[in-house]
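Participant: I'll drop the sequence and a predicted model, then ask my questions.
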Amino acid sequence: MDEKRTESRIPLMARVDVLWGDTDGTPRVAPAILEDKSASGLSVRINTSIRVGAHVTVRWGSEQVSGIITNSRRNKAEYVIGVKREPGEELV
């Protein structure tokens, strides 16, 4: 498989909570696993489908990152979502 990534990723395995609003605006939260992060975003494995373009906040420990879902793919019973962080937020 050809890699098209321009940034290096830091592999992680951390339990996180993903918060977003449904299409009707209902607030939602679901547990997930943070798989990796880069300077501009992160990758999360979750059991719930969230639409591409949705605004999400990912929280773990004392940290949180907000951004837009740029891609989502099904992997067996889970979804792997890519989140592009909002400008001005730093990932460490």
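Facilitator: Structure's in. What do you need? Residues are numbered from 1 along each chain as shown.
Participant: and Val18, how many residues sit next to it?
Facilitator: Here the number of neighbours of Val18 (other C-beta atoms under 10 Å) works out to 22. The way it works is simple: take the backbone N, C-alpha and C, and place the C-beta from them, glycine included.
Participant: with adjacent residues omitted, what lies nearest to it?
Facilitator: Residue nearest to Val18 in three dimensions, not counting chain neighbours: Ala32, with 4.9 Å by C-beta to C-beta, 6 or more residues apart in numbering.
Participant: so, low pLDDT: which residues of the chain?
Facilitator: For the chain, the stretches with pLDDT under 70 are 1-5, 89-92.
Participant: apply 90 and report the result again.
Facilitator: 1-12, 22-25, 39, 63, 86-92 (pLDDT under 90).
Participant: mind listing the strands for it?
Facilitator: For the chain, the strands defined by DSSP state E occupy 10-21, 27-37, 41-46, 55-60, 63-75, 78-85.
Participant: outside of the fifth one, which residues touch it?
Facilitator: Okay, so that is strand 63-75. Applying C-beta atoms under 8 Å, 6 or more residues apart in numbering, the external contacts of strand 63-75 come out as 41-42, 45, 49-58, 79-86, 89, 91.
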